[in-house]
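J.: Predicted coordinates and the sequence they were generated for:
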Amino acid sequence: MSSARRAFALLLTRLLLVAGVTVIAWALVARLSGELSFPPNPMIAALSLLPVNVICLVIASRMLRAEGQSIRELVGYRHGALGRDIAWGILWLVVLFIPFIIGIMGTAFVLHGAETFDAFETMFYNPDAAAVIPSAAALVLGIVTFVTFAPLNAPTEEIVFRGYAQSRLSASWSPAAAIAVSSIAFGLQHAFFAPTVDAMAVYVVAFTLWGACSAIIVRRQGRLLPVIIAHVIVNVFTSAPAIVFPALMIAGVL
């Protein structure tokens, strides 16, 4: 199998695994609580990614070893350059949020027109899904989610989408096609993390744009680590509320 076919197979495997664990998580929550809203609670969806990330890392590592490369080499870690990579990561985080916000606002406007800002109140929050888990259990699950999701998901996604898939597809396809395929796949997987059905389209567009701009940065800079750092920062801030909100509810603040 050519490296491009292996890259495409890795992307497809990632999408199928994400879809599979999301449906399983939804089915379990529905059975235990009777809540049938789909997608499931975003925290549950993020927690269910642990086996997906482990499997994808193992597959990517084996593919790389078969080609005589390691994950460390793919990531581009250099001794003594971590401070510079962190600085680049913070810069890219700021840069990447521009197309991301444009994607959110533009898609929301297409869906809701003049009612866009009013729609935000319900588009990104599903009270039925949020109410399924008691506060104490939500805090425990939130801690587990934060510990397993924040440090593992970002490196795994960057290795899969921008590291292995993009580089291998670029060897057989045009750079634009490789960026497009890996970025669309990146956007599609985030549909399963949307808090409501209405938000799914918004997530797909916004994360496809984020993925495309990340792919361009990686191609131009020639290194994956700075984008991984930017991604880790995002995952820390997006998973932290899974701890903060249940803690505030238990304390009686909310």
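T.: It's in.
J.: what's the neighbour count on the closest residue to residue 67 other than its chain neighbours?
T.: Distances taken as C-beta to C-beta, 6 or more residues apart in numbering place residue 3 nearest to residue 67, at 6.7 Å, with adjacent residues excluded. For glycine as for every other residue, the C-beta is placed from the backbone atoms N, C-alpha and C. Using other C-beta atoms under 10 Å, residue 3 has 18 other residues around it.
J.: Quick check: phi and psi on the residue positioned nearest the centre of the chain?
T.: For the chain, residue 190 is the residue whose C-alpha lies nearest the centre (C-alpha atoms, centre = their mean; 6.0 Å). Backbone dihedrals for residue 190, given as degrees, to the nearest 10, come out at phi -80, psi -10.
J.: you'd agree it is up against residue 202?
T.: No - in this structure residue 190 lies outside contact range of residue 202 using C-beta atoms under 8 Å: 9.7 Å.
J.: can you give me the helices for this protein?
T.: Under the criterion DSSP state H, the chain contains helices at 3-33, 42-47, 49-66, 71-75, 82-112, 116-123, 127-130, 135-157, 166-172, 175-189, 197-221, 225-239, 241-250.
J.: Okay, the residue nearest to the centre of the chain and residue 31: tell me how far apart.
T.: Residue 190 sits 25 Å away from residue 31, going by C-beta to C-beta, to the nearest Å.
J.: same question, residue 251
T.: Counting by C-beta to C-beta, the gap from residue 251 to residue 31 is 31 Å.
J.: Kindly report the same for residue 117.
T.: 37 Å.
J.: Kindly report the same for residue 238.
T.: Using C-beta to C-beta, one gets 27 Å for the distance from residue 238 to residue 31.
J.: So between those two, which is more surrounded?
T.: More crowded of residue 238 and residue 31, by other C-beta under 10 Å: residue 238, with 16 against 9.
J.: hang on, isn't residue 239 packed against residue 46?
T.: Yes - assessed by C-beta under 8 Å, residue 239 is found in contact with residue 46 at 6.3 Å.
J.: Which neighbours do those two have in common?
T.: Shared contacts of residue 239 and residue 46, defined by C-beta atoms under 8 Å, 6 or more residues apart in numbering, are found at 145, 149.
J.: what would the helices of the chain look like in JSON lines with mean pLDDT?
T.: JSON lines is the format used below for these (pLDDT from 0 to 100):
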{"stretch": "helix 3-33", "mean pLDDT": "89"}
{"stretch": "helix 42-47", "mean pLDDT": "80"}
{"stretch": "helix 49-66", "mean pLDDT": "95"}
{"stretch": "helix 71-75", "mean pLDDT": "93"}
{"stretch": "helix 82-112", "mean pLDDT": "95"}
{"stretch": "helix 116-123", "mean pLDDT": "82"}
{"stretch": "helix 127-130", "mean pLDDT": "58"}
{"stretch": "helix 135-157", "mean pLDDT": "88"}
{"stretch": "helix 166-172", "mean pLDDT": "93"}
{"stretch": "helix 175-189", "mean pLDDT": "96"}
{"stretch": "helix 197-221", "mean pLDDT": "95"}
{"stretch": "helix 225-239", "mean pLDDT": "94"}
{"stretch": "helix 241-250", "mean pLDDT": "81"}
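J.: Buried deepest among those helices, which one?
T.: Neighbour counts (mean count of other C-beta atoms under 10 Å) averaged over each of the helices of the chain peak at helix 42-47, with a mean of 23.
J.: Pull the residues that contact that helix.
T.: Identification of contacts with helix 42-47 by C-beta under 8 Å, 6+ apart yields 22, 25, 29, 39, 133, 138, 141-142, 144-145, 148-149, 153, 192-195, 239, 242.
J.: again, only this time at 6 Å
T.: The contact list for helix 42-47 (C-beta atoms under 6 Å, 6 or more residues apart in numbering) reads 22, 25, 145, 149, 193, 195, 242.
J.: quick one, what contacts the fourth one?
T.: Taking C-beta under 6 Å, 6+ apart as the definition of contact, the neighbours of residue 149 are 46, 239.
J.: Thanks a lot, catch you later.
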